[in-house]
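**Student:** Would you be able to build a 3D model of this:
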Amino acid sequence: MSEQEMLETIKRSEDICSAMVGAMKALEYGVRTLIATHPDPELMKHTWHDLLSDLPDRHQDTSAPNPQLFNATMSAMLGVLTGQIDLAARP
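**Tutor:** Numbers count the residues shown, from 1 in each chain. Predicted structure coming up:
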């Protein structure tokens, strides 16, 4: 692979990462809206916590290019969502 081909591959990878971050940011605002407007925040909290116990093990990715980063990021974002859901359920 030539240096030019490697640079083009890196550029494509950067473009894909930028697109993914943009999509994730849009989803984040959508999820925040759903949490804030849920008609029964306490039910959402209990449902989320029931679901949460399975998620890390079920979705642990060992095939990702950087599985430690994937798993750490997923755990961190689950924590952020849990905090937002718990806050919304406060009386």
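**Student:** can you list the domains in this protein?
**Tutor:** What automatic domain parsing lists as the domains of the chain is 1-37, 40-91.
**Student:** among those, which gets the worst mean confidence?
**Tutor:** Lowest mean pLDDT within these: domain 40-91, at a mean of 87.
**Student:** these two touch, right, residue 36 and residue 88?
**Tutor:** Yes. Taking contacts as C-beta atoms under 8 Å, residue 36 lies within contact range of residue 88: 6.2 Å. Using the backbone N, CA and C atoms, a C-beta is placed for each residue, glycine as well.
**Student:** Look at those two and report which has more neighbours.
**Tutor:** Taking neighbours as other C-beta atoms under 10 Å, residue 36 and residue 88 compare with residue 88 leading, 17 against 11.
**Student:** and residue 35, how many neighbours?
**Tutor:** Neighbours of residue 35 under the rule other C-beta under 10 Å: 19.
**Student:** just checking, it touches residue 86?
**Tutor:** No. Between residue 35 and residue 86 there is no contact under C-beta under 8 Å: 9.9 Å.
**Student:** Of the domains of the chain, flag the one that's most buried.
**Tutor:** domain 40-91 (a mean of 12; mean count of other C-beta atoms under 10 Å).
**Student:** Okay, and residue 22 sits in which element?
**Tutor:** Per DSSP states H and E, residue 22 falls inside helix 3-37.
**Student:** Which element is encountered next along the chain beyond that helix?
**Tutor:** From helix 3-37, the next helix or strand downstream (DSSP H and E) is helix 41-52.
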